[in-house]
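>>> here is the input, now give the coordinates:
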Amino acid sequence: MADLERVYTIPIAKEWLKVPVYKRAKKSIIGVRNFLTRHMKSEDIRLGKALNEAIWVHGMKNPPRKVKINVTKDSKGVVHAELFGAGLEQKAEVKAKKAESQPAVEAKKAEPQAESKTKAPQEAKKEQKKGK
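As a prediction, this is how the structure comes out:
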């Protein structure tokens with residue numbers, strides 16, 4: 001699991017105020033990476049999908065001024081950063097989807113067999129009409 005877990009609130013406005021308006025979100029991502037490199041003492045930084053979407057939610061020109069994130073560092077030195085609270089919600093959604101999809105998959109398997117039985121007599125009638 002994770003050797004080190006921390007929660008940070010990163011003031012990314014300090015970074016995006018240094019660049020033109022149309023480069024703000026990109027500079028925010030770079031600023032988050034620089035912050036994590038400095039504080040977690042690792043060069044291998046992986047940003048989560050929810051964190052990326054939170055920074056880009058209002059477009060390139062208007063990222064949030066600060067962002068709260070969960071950060072974990074494993075034994076290999078890989079740092080994973082995710083939006084605060086996003087990891088728990090995603091795990092719950094995945095479990096719910098798996099539970100819902102299993103009965104649906106079984107129902108889908110049963111439907112094609114029933115359809116093939118109904119198609120066969122119709123196809124046979126069509127072939128007989130074509131043969132005449």
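>>> can you give me the neighbour number for the residue lying closest to Gly59 once chain neighbours are set aside?
Distance criterion Cβ to Cβ, 6 or more residues apart in numbering; nearest residue to Gly59, sequence neighbours excluded, is Ala25 at 7.2 Å. All C-beta atoms are positioned from the backbone trio N, CA, C, and that covers glycine. By other Cβ atoms under 10 Å, 21 other residues sit near Ala25.
>>> my guess is Ala25 contacts Glu53. True?
No: assessed by Cβ atoms under 8 Å, Ala25 is found out of contact with Glu53, at 10.9 Å.
>>> quick one, what contacts Lys14?
Gly31 (Cβ atoms under 8 Å, 6 or more residues apart in numbering).
>>> which other residues reach whichever helix or strand the residue nearest to Gly59 is part of?
Following DSSP states H and E, one finds Ala25 within helix 24-40. The contact list for helix 24-40 (Cβ under 8 Å, 6+ apart) reads 4, 6, 8, 10, 12, 14-16, 18-19, 42-43, 45, 47, 51-52, 55-56, 59-64, 67, 69, 71, 73, 79, 81.
>>> if we use 7 Å, what do you get?
8, 10, 12, 15-16, 19, 43, 45, 47, 55-56, 60-61, 63, 71, 73, 79, 81 (Cβ atoms under 7 Å, 6 or more residues apart in numbering).
>>> so which of these are in helices?
15-16, 55-56 (DSSP state H).
>>> quick check on the residue sitting nearest the centre point of the chain: phi, psi?
Nearest to the mean C-alpha position of the chain, counting by Cα atoms, centre = their mean, stands Lys49 at 4.3 Å. The phi/psi pair for Lys49 (degrees, to the nearest 10) reads phi -60, psi -40.
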